[in-house]
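Participant: Quick one: sequence and predicted model below, then my questions.
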Amino acid sequence: MKEINPAKKTALQIALMAVLTAVVVVFTLMFRVPTPIKGYISLCDVIITFSAFLFGPWIAAIAGGLGTGIADVIGGFPQWAPFSFLIHGAQGIIIALIARAGLKKGVPGDAKLFKMILGGVLGMLVMTGGYYLVGGFLHGFKPALVEIPLNLLQSGVGVVLGIIVSRTVLKAYPPVRSLAL
Amino acid sequence: MTTSTYIAGRGFLYWFDARAKLLTVVLLCVLVFLPMRQLGLWVLVGVAFLCAWRATDFKQALQPLRTILFVLIIMVLFTPLTYRDGEFILFIGQFPFITREALVQVNTLIARFLGITYVCSLYVWTTPMADINLAFRWYGLSYQAALVLTLAFRFIPFIADAFRMIQDSHALRNAVRIEGETGKRQRLLDVVPTVTAALVFALKSIPYLAMTLEHRGLGSSVKRTSYRKLHAKGGIFTHVLLSVMIAAVFFLVFITI
Amino acid sequence: MKHMLEISTLSFAYQGYGEGVSNHPVLRDVTLSVAEGAKVLVLGVPDSGKSTLARILCALVPRYLAGEVAGSILLKGTEVLQMNPWDLLGRCTLVAQNPQEQLLMTTCGDEVAFPLESLGFAHEKLILEVDAALQKWGLLPLKEVNPQELSGGERKRLLLAVTEAIDAPLWIMDEPFDDLDEQWRDILLKKIQNRNGTVVVFASRYLDEFRGTFDQYCLLTEGNIITDTEEIIVEQFEQASEIQFPLAPKTLKTISHRLSCNQLTIVHPRRSVISNEPFTLHVPEFTVEAGEIVALVGPNGSGKSTLSRVLCGLDLALEGSVSLDGSTLSAKALQATVGYLFQNPDYGIFLPTVRDELGWSLRRIPRLSSKRKKEIVQSCADLFHLQLADNPTMMGYGARKQLQAAVYYILDRPFVIIDELDSGVTYAAAFEIVSLLRSRGAGIVIITHDRTFARNLAERQYKIVEGNVEETEVGA
């Protein structure tokens, strides 16, 4: 079989990032529960967690950061976009680094369950903490406290569904393995 | 799903070059965190609101306010209760409600937050997405990163449509004849199949997207040219100068020393 | 005579996934020579490997769609199998069957410009070329419109505009006539005929207009290509794809249902930016009885899917109601009464095997032993020629359509709407699916724009003419 030189996989890398970014945007905007501070909570963390488990830190960072940033702009919260980009980007990186620690490159989704959970929990903390800091900076630390339980809920649901979905997708669509870089 | 935030209109903000305008946005968002006079912050909010009104209409101009109304209320309720130092100026019954410092604090926070919100909203309303992308490129974003951004925008409506169809398809398949039988728990369980189908659908399009990018020449060693270019009427230098001047005037007039 | 393309002993198999799953062979021994400037028509039934072959010719497969290829393809003497796809940009262009697969940009203008940017056209020339190409395909007024807002036909024209702008010597066209209406079909056919370059057209329908217009006629069958005279090729092709058996007899269930609409008015905002008027559809009368096959026809975008979505309770009508046996049904009750097979079968596929996918539909039926469930799943899979262990997302398009139908066969809905079944599967397979669903007594609505298909299958027909649904003669 003709193997593609990894250096020549730019197109695949771009395609992965772009499509997953779009999926994050759609999930952020289509499942929205309005909340006081950040505007809304959503299912975006499911896709970020999923991307982190299957495709590693960089893809997850771009898809998560760019996707939530774009969703903020489209959804009428442009002032949050740069912060979402950084926070969800960092969340993606953390989850992937921990969940996939010790895995060979290009073997997606075979991460151990406890590592996935650990990564997910740390991701939750990064996301919740990040929004608390930025919220405090933008409009006072006391009001930003209100958001903490909501963000924990959102990212927690994200981790649980993310783990389930990454398994069902691997089973339903095995060629996803060949998409890993 | 509409991905466009651009609202067609006329006036200064539409003439202002996307690159220089972006610089203004960044500068203003930084400046509001410096020790500014409260009047200055409110002037910024007022001017931004008037710009929004002129560029669109009154209803649209109120939109950003509406999105953050709730957080403003929370701020008004929380800040007085947590800032207890200083001279109380308002009592509710016997209860000392608000101090002068708390009032100043909440006023600054609100004006600052409103200012940032309006300035950012104005930028995405008056600048087409393609121009924002070109502006990022001008500031050093790589072609490939800009391409990811464009492609993401191309795929958002496509995936949103598919996602709606997937939800419909699952609703029809899971429908039961007796009404009221599907409870909340069941609906929650149905999220997994829907999300899985949506992800598989999206993932399946990735190899074809990569394929088409290469078929259309991505990877070729020929130097890419550009179909779209930003044209700043009067030269980009004028625009950047104007941008810096706006920020400087705001800074010099309202800074407290 | 100089050869543009020389394919010899080309074989290809897609990589199989999962334990013990072997590769899936598509092409066995394809050999074909195409002279420079020749216009070639390659016929083949759906799922015969046309799209795969088309992509291999452009060096697009196997790359991100893994598989094993052997043999040789010489494009003007250069081995395509050793080349990178981007190096073929100026040499051959593919028009894919599904336009969505090839759209990259957020405006039509950028879409045409993208490959020209790759070719290094100067800015001024780009502007001129983009406008010229859009003009030729009637898309200049849509230059700043997002391709996602276009109709299927307009998207196809956009890709044809891109292809013409690149102006490569070889065009590979996979079902280019699909989705185009007659006017544009004629224009495309003339362009192909009058072109200096070489054109290879893949098609799964032999259109009347094709008669005598190509220099070379081929048939892709069983992974091989046969070249012969037009008469012989067409005859063999029709044998392979034509109706092979009559419809199964109506089974008369004792309970007979009647689904009817009375004075429906459906309004929804138009997606297109071109017209701001909301889309309105009037349905004075529409009835389907159990066991009946009714065709719903009309041009693209006329509202066939809009009406279907109301019938199965996904959307609400502005006025009027849908009733079953005389009593009005709520949207929720309609969802459980009328099944809807979306044109794209993938919307409903999410489980790892056919067995799971079919079993999923049974899980809500109370008082059914697991042994009985197994039997139902097995017998249903047999009826629809499905293998229980297969992975649904990896099956061919035809098999995925069969699976989609099998799911509704198990659900046993009294009425089923089938959207565009005839595109992508053979007539024979489509007929079989319809007769199997009817054998359980369901009333069936088939949505189609293929008159032949409607004529041969439907007992009654409704047609959408300018926003009105009216009953017409079958096949009209």
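Facilitator: Ah, there it is.
Participant: Tell me the spacing between residue B:115 and residue B:249.
Facilitator: Computed with CB to CB, to the nearest Å, the distance linking residue B:115 and residue B:249 is 15 Å. The C-beta positions use only the backbone N, C-alpha and C, and glycine is treated the same way.
Participant: Whatever residue of the stretch 1-150 of chain B ends up closest to chain A sits in which helix or strand?
Facilitator: Using CB to the nearest CB, the single residue of the stretch 1-150 of chain B nearest to chain A is residue B:120, 3.9 Å away. Element membership for residue B:120, per DSSP states H and E: helix B:100-126.
Participant: for that helix, the distance to its chain's centre please.
Facilitator: Between the mean C-alpha location of helix B:100-126 and the chain-wide mean there is a distance of 14 Å, by CA atoms, centre = their mean, to the nearest Å.
Participant: Who are the contact partners of residue A:134?
Facilitator: The neighbours of residue A:134, taking CB atoms under 8 Å, 6 or more residues apart in numbering or on different chains as the test, are A:83, A:87.
Participant: What mean pLDDT does the host helix or strand of it get?
Facilitator: With elements delineated by DSSP H and E, residue A:134 resides in helix A:113-139, which encompasses its position. Helix A:113-139 carries an average pLDDT of 90.
Participant: For the helix or strand just after it, give me every contacting residue.
Facilitator: Counting by DSSP H and E, the next helix or strand C-terminal to helix A:113-139 is helix A:141-145. For helix A:141-145, the surrounding residues in contact (CB under 8 Å, 6+ apart) are A:36-37, A:131-132, A:135-136, B:71, B:74-75, B:78-79, B:82.
Participant: Using TSV, lay out these together with distance to residue C:346 and neighbour count.
Facilitator: Output for these, formatted as TSV (distance: CB to CB, whole Å; neighbours: other CB atoms under 10 Å in any protein chain shown):
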residue	distance to residue C:346	neighbour count
A:36	39	19
A:37	38	23
A:131	36	24
A:132	41	17
A:135	40	23
A:136	45	15
B:71	41	25
B:74	44	19
B:75	47	23
B:78	49	19
B:79	52	22
B:82	53	13
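Participant: Show me which of those is closest to residue C:442.
Facilitator: Residue C:442 has its nearest neighbour among those in residue A:36, at 50.3 Å by CB to CB.
Participant: Output the below-cut-off pLDDT ranges for chain A.
Facilitator: Counting by pLDDT under 70, chain A shows low-confidence ranges at A:1-8, A:33-40, A:104-111, A:181.
Participant: Quick one: distance of the helix or strand hosting residue A:92 to the chain centre.
Facilitator: Using DSSP H and E, residue A:92 maps to helix A:81-99. In terms of CA atoms, centre = their mean, the centre of helix A:81-99 is found 6 Å from the chain centre.
Participant: tell me the contacts of residue B:217?
Facilitator: Taking CB under 8 Å, 6+ apart as the definition, contacts of residue B:217 comprise C:86, C:89, C:114-115, C:117-119.
Participant: May I see the buried residues of the helix holding residue A:134?
Facilitator: A:115-116, A:119-124, A:126-128, A:130-132, A:134-135, A:138-139 (16 or more other CB atoms under 10 Å in any protein chain shown).
Participant: Chain B versus residue A:113, what's the distance?
Facilitator: Distance check for residue A:113 against chain B: by CB to the nearest CB, to the nearest Å, it reads 17 Å.
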